[in-house]
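Enquirer: take a look and give me a structure for this.
(2 chains)
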Amino acid sequence: MTQILYDGSYEGWLTAIFEIYEYKLKDVVFAKEETSNTLLFSNTHSVTTDEVKANRVLNGLQQRLSHHGFHAIYFAFLSELDQIEEILFRFTAYVFASKINIERDLSRSEVLNVKKAAHLTGKESHRMKAFVRFKLTKDGLYYAIIEPDCDILPLIEQHFKNRYADQRWLIYDSKRKYGIYYDLENVSTVEMQFESNTSSSFLAEINDENEEFFENLWRNYFKSVNIESRKNTKLHIKHMPKRYWKNLTEKIPNLNKR
Amino acid sequence: MVQERVMEKLAILADAAKYDVSCSSGQSTRKNKNKGLGDTGGGICHAFTEDGRCVSLLKILLTNHCIFDCAYCVSRKSNDIKRAAFTVQEVVDLTIGFYRRNYIEGLFLSSGIFDNADYTMERLVRIVKKLRLEENFNGYIHLKAIPGASEELLKEAGLYADRLSVNVEMPTEQSLKLLAPDKNHKDVIKPMQYLKNEIIGYQEEKKTNYKTPLFAPAGQSTQMVIGATKENDLEILGMANYFYEQMKMRRVYYSGYVPISHDNRLPAIGTPVPMIRENRLYQADWLIRYYGFNVNEIVGFDQPNLDLDIDPKLGWALRNLHQFPVDINTADLEMIQRIPGIGFLGAKKIVAARTFKKLQPDDLKKLGISYSRSKYFLAFSSPFYLQKDLTPLQIKNQILNLQNSKYKNNFSNQLALF
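Expert: This next block holds a predicted model:
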């Protein structure tokens, strides 16, 4: 059994796929560098991310898959599901072993599992287009904090760029400690530390003077549109899972109100 | 904005607008031009109320002052409630402030009728124009077309809004006359007809001249209150079918009546909202629009109401057992979609997967298809288990045992009103 150490990036994983074939590695298990426990494994193979190797794998996949199937691999990778690297490796092995396009062969677990993982990421990236709540700062920046299960920032960038073309914004993934920032021209990736437990007095200081008013308006609106006699908590939670609540303005009680 | 007053107005005018069920925000194609604000296309539900309905638009009334006295409406003239009215600027500021914070996809603006139809409509149009022309706003806007408004105003509304709707409110003229003596179906049908023709006209012109402006690109919709009056599902779905076919409506919404007044023409306060019936109507509507079912296959003179305990597709299958069993390894997509337990996407997955191998029952389970539900309708041929010859009632009972609905007690609860 060989443990493959890679840097956790998509390019790194693609490089690893290349090297599995290059070195004819058998029975592989993936590990991101920081989490590895090398003692358990007889063989360890370290992968250095290599653009040329990664692109050769990408080209190979692109030739054998539809546009949709090709993107499904990237989506599935971003799902960060347990053992997704192995799941994706089995899928690519099946792709490369077959003469025809196999992405519709859904009764095979290699294919179905990737489709499911891709679906999970797609679903959450759609949700995060909805569940981002911007707050306005004094210097005109709209910022939002999210904590998605999947690494969806790369997938929602274009949506927010198209939609909020005339305002500066920042969406920060506090689980992965990076964000995307739009400066009215381009979107760039920013790495930073955001205090997760910032005090409300600090926020009141950096926020625009109307910010709290709008947040309360929104809470107020959210309350007013509910129809009590149709209460359906199960459906509510199904659509708006509790794990997202702490970053949803309408689900956070107004702390300043006594 | 005078903050406290706006806060109060929003509570009143959002509360009054919440019975309007239209929430769609997709189906439009407005792009963000010249670095403006917003775009439409995807249709995103930004939040969900505690009753489980989606919030995608800032849904408000411009005012709840109304000269009409429709019994089913909270804003009716004779109702003793707090009245309020937004200014044009307040609606614009709220929309933009909410949109920039990503709370909403756009605006759904309706209004009580104050003074007269044109006066009200003119105000609505002024808000939309201000949003589009002054704020460079490209988000979604759904505007209520006020019955009786002039064609000039309707036309202007269509040039700036994504969708327009006139609510028919009651499925039959008779019920409308009973509950809304000031209204008649003709006043509703006339603007619908006008809008239909304009929408088609602009679409045709757009084909030859790309500079033709958009005109209500998300089409029109309407809404019927159900369960307040005695109409059966045949009448309701028949009316819906008329709107889809004759008026080219994008959507017909069904709104289960929420008792709001002590009026002896209406179900008493405390009568449960007919939620399952509403749900069955949406399922039937879906079958008609997406699954190629004809209304007459779902309801007919011999069975004018939908079953409450089973969904309309299962109901149809049980009445048409002669069309089954279906062999999923050979049947066409359309027929596979008609099998209870197999949906739109499930059928597509089957057709994709079967090109690689002959599908087994286990494969269906893997694909996420409800085999326990669909097995009664699947082909006998190997590899599927031989199903005993069961009567429709036996199948129905076996399937009902699989599910455990919290509405079970309500299943036989057809409102007895008259």
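
Enquirer: gap between the nearest residue to B:Ala85 once chain neighbours are set aside and chain A?
Expert: Excluding the flanking residues, the one nearest B:Ala85 by CB to CB, 6 or more residues apart in numbering or on different chains is B:Thr63, at 3.6 Å. The way it works is simple: take the backbone N, C-alpha and C, and place the C-beta from them, glycine included. Applying CB to the nearest CB, to the nearest Å, the value for B:Thr63 to chain A is 16 Å.

Enquirer: tell me which parts of the stretch 301-418 of chain B are close to chain A?
Expert: Contacts of the stretch 301-418 of chain B with chain A, taken as CB under 8 Å from any CB of the partner chain, map to B:349, B:352-353, B:355-357, B:359-360, B:363, B:366-367.

Enquirer: per-residue confidence at the residue nearest to B:Ala85?
Expert: Listed pLDDT for B:Thr63 reads 97.

Enquirer: which helices and strands does the strand or helix carrying B:Ala240 pack with?
Expert: Using DSSP states H and E, the element containing B:Ala240 is helix B:233-246. Helices and strands touching helix B:233-246, by 3 or more CB pairs under 8 Å, 6 or more residues apart in numbering or on different chains; DSSP states H and E, are strand B:220-226, strand B:251-256, helix B:275-290, helix B:295-298.

Enquirer: now, of the residues of the stretch 301-418 of chain B next to chain A, which are buried?
Expert: Buried subset of these (neighbour count, 16 or more other CB atoms under 10 Å in any protein chain shown): B:349, B:352-353, B:359, B:363, B:366-367.

Enquirer: would you list the helices and strands packed on helix B:233-246 in a markdown table and tack on distance to chain A and mean pLDDT?
Expert: Listed next are the helices and strands packed on helix B:233-246 as a markdown table, based on distance: least, CB to the nearest CB, whole Å; pLDDT from 0 to 100:
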| stretch | distance to chain A | mean pLDDT |
| --- | --- | --- |
| strand B:220-226 | 14 | 95 |
| strand B:251-256 | 8 | 95 |
| helix B:275-290 | 7 | 95 |
| helix B:295-298 | 25 | 95 |
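
Enquirer: tabulate these (TSV), appending mean neighbour count.
Expert: Formatted as TSV, these follow (neighbours: other CB atoms under 10 Å in any protein chain shown):
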stretch	mean neighbour count
strand B:220-226	23
strand B:251-256	23
helix B:275-290	19
helix B:295-298	18
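
Enquirer: looking at those, which is closest to A:Ala31?
Expert: For A:Ala31, the closest of these is helix B:275-290, at 45.7 Å, according to CB to CB.

Enquirer: got the angle between the closest one and strand B:220-226?
Expert: Calculated by axes from the mean of the first three to the mean of the last three CA atoms, to 10 degrees, helix B:275-290 forms an angle of 150 degrees with strand B:220-226.

Enquirer: just give me how far helix B:275-290 sits from the chain centre.
Expert: Put simply, helix B:275-290 sits 10 Å off its chain's centre (CA atoms, centre = their mean, to the nearest Å).

Enquirer: ok, residues contacting it?
Expert: Contacts to helix B:275-290, defined as CB atoms under 8 Å, 6 or more residues apart in numbering or on different chains, come from residues A:230, B:226-227, B:233, B:236-237, B:240-241, B:244, B:252, B:254-256, B:293-295, B:298-299, B:306-308, B:311-313, B:316, B:344, B:407, B:410-411.

Enquirer: likewise stretch B:110-128?
Expert: Contact with stretch B:110-128 is made by B:16-17, B:20, B:59-68, B:75, B:85, B:88, B:91-92, B:109, B:141, B:143-150, B:153-154, B:156-157, B:160-161, as judged by CB under 8 Å, 6+ apart.

Enquirer: what sits against B:Ser25?
Expert: B:40, B:43-44, B:56-57, B:105-106, B:140, B:142.

Enquirer: so A:Phe18: helix, strand or coil?
Expert: For A:Phe18, the secondary structure call by DSSP: H, G, I helix; E, B strand; the rest coil comes out as helix.

Enquirer: OK, contacts around it?
Expert: Contacts of A:Phe18 (CB under 8 Å, 6+ apart): A:50, A:53-54, A:56-57.

Enquirer: where's the closest residue to A:Thr137 other than its chain neighbours relative to chain B, distance?
Expert: Closest residue to A:Thr137 apart from its sequence neighbours, by CB to CB, 6+ apart: A:Ile206 at 5.1 Å. Distance of A:Ile206 to chain B, given as CB to the nearest CB: 16 Å.

Enquirer: what about A:Ile206, neighbour count?
Expert: For A:Ile206, the neighbour count with other CB atoms under 10 Å in any protein chain shown is 15.

Enquirer: that one contacts A:Lys138, doesn't it?
Expert: Yes: between A:Ile206 and A:Lys138 there is a contact under CB atoms under 8 Å: 6.3 Å.

Enquirer: run the chain-centre distance for the helix holding B:Ala240.
Expert: On the basis of CA atoms, centre = their mean, helix B:233-246 is displaced by 13 Å from the centre of the chain it belongs to.

Enquirer: ok, now stretch B:365-385?
Expert: 32 Å.

Enquirer: same deal with stretch B:76-88?
Expert: Between the centre of stretch B:76-88 and the centre of its host chain there is 26 Å, according to CA atoms, centre = their mean.

Enquirer: hmm, which of the contacts of helix B:275-290 are the buried ones?
Expert: Among these, those scoring as buried are A:230, B:226-227, B:233, B:236-237, B:240-241, B:244, B:252, B:254-256, B:293, B:295, B:298-299, B:306-308, B:311-313, B:316, B:410 (criterion: 16+ other CB under 10 Å).

Enquirer: just the contacts of B:Ser25: which are in strands?
Expert: Those of the contacts of B:Ser25 mapping onto strands are B:57, B:106, B:140, B:142, per DSSP state E.

Enquirer: let me have the residues you listed in CSV, adding pLDDT and distance to B:Ser175 as columns.
Expert: Shown next, in CSV, are the ones in strands among the contacts of B:Ser25 (pLDDT from 0 to 100; distance: CB to CB, whole Å):
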residue, pLDDT, distance to B:Ser175
B:Leu57, 96, 28
B:Gly106, 97, 32
B:Tyr140, 97, 31
B:His142, 97, 25
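
Enquirer: give me the buried subset of those residues.
Expert: Among those, those scoring as buried are B:57, B:106, B:140, B:142 (criterion: 16+ other CB under 10 Å).

Enquirer: redo those residues as JSON lines? Include distance to B:Pro191.
Expert: As requested, those are exported to JSON lines (distance: CB to CB, whole Å):
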{"residue": "B:Leu57", "distance to B:Pro191": "21"}
{"residue": "B:Gly106", "distance to B:Pro191": "22"}
{"residue": "B:Tyr140", "distance to B:Pro191": "21"}
{"residue": "B:His142", "distance to B:Pro191": "15"}
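
Enquirer: sounds good, over and out.
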